[in-house]
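>>> I need the structure of the sequence given here:
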Amino acid sequence: MTKLDIKIILDDYIDMIYIYEIICNETYNYYYNLKFIFEFPIIFINIIMTIINSTITDIYIIKHSNIFLNVTTMLLVSLSNYLKINEKCEILKINRDKFIKLYNLIEKRKYTDEISVDFIDIVITNYDNIIENINFSFPSNILKKIRTNYGQKKTLPLFINGIKKLDKYRYDNGIISPTNESFHESINDNLNINLIHDK
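Have a look, this model is predicted:
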């Protein structure tokens with residue numbers, strides 16, 4: 001494996017780690033807001049129940065009000081548990097932090113040591129271990145937003161259709177310097193593909 005191959009592979013994984021961190025953060029915010037939607041009514045219901053039990057003397061009203069409010073509370077709690085909102089928030093927060101640490105490890109290594117194949121293997125193993133902990137799907141609107149914003153600028157993970165960063169983008173942004181004919185050919189191939197898609 002050449003130094004250019006290693007640099008491209010590492011660059012791809014930096015992109016995918018970066019994208020995963022954004023997805024985890026966006027999805028965490030999504031579920032956190034959903035958690036608030038479920039929990040806020042429960043707080044409000046508890047306040048109403050306290051007021052009813054403290055101010056109303058009619059047993060019939062108290063009984064039926066408490067039944068209705070308790071059923072509503074149980075419904076909200078059951079839905080929240082069914083959707084595993086708290087669990088997802090926790091998983092997303094933990095894995096978001098793991099992606100940040102892995103990203104920082106790579107960035108630090110890039111400027112301090114020679115990148116080896118063994119280091120690439122460590123990055124790939126850590127990357128795979130993190131994504132294995134995420135056992136649920138991400139909201140489609142978040143994935144669509146990521147694909148629109150980062151497609152062809154970043155190498156996207158396979159589950160977002162695995163868009164590959166264009167070699168031309170790498171070259172134009174100084175990520176790699178083309179040194180051989182095959183690299184020039186790959187740039188031309190990518191340009192030709194884009195021209196075909198644009199027609």
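>>> switch to C-alpha atoms for all contacts and neighbour counts from now on
Noted.
>>> Need the residue closest to the centroid of the chain.
Nearest to the mean C-alpha position of the chain, by C-alpha atoms, centre = their mean, lies Ile23 at 2.0 Å.
>>> Tell me the secondary structure at it.
What DSSP: H, G, I helix; E, B strand; the rest coil gives for Ile23 is helix.
>>> What of Phe136?
coil.
>>> coming back round to it: residue contacts, the residue nearest to the centre of the chain?
Residues near Ile23 by C-alpha atoms under 8 Å, 6 or more residues apart in numbering: Phe138, Ile142, Leu143, Ile146.
>>> which ones among the residues you listed are found in helices?
Mapping the contacts of Ile23 onto helices (DSSP state H) picks out Ile142, Leu143, Ile146.
>>> quick one: contacts for the last one?
For Ile146, the set of contacting residues under the criterion of C-alpha under 8 Å, 6+ apart consists of Ile19, Ile23.
>>> Tell me how far it lies from Ile163.
11 Å (C-alpha to C-alpha, to the nearest Å).
>>> do the second one as well
Distance of Leu143 to Ile163, given as C-alpha to C-alpha: 12 Å.
>>> any low-confidence regions in this structure?
Applying pLDDT under 70 to the chain flags the ranges 1, 111-113, 166-170, 172-199.
>>> which stretches of it form helices?
3-55, 59-83, 85-112, 117-132, 140-150, 167-172, 181-198.
>>> Return the set of buried residues in stretch 130-137.
Ile130 (16 or more other C-alpha atoms under 10 Å).
>>> Quote the end-to-end distance of that stretch.
15 Å.
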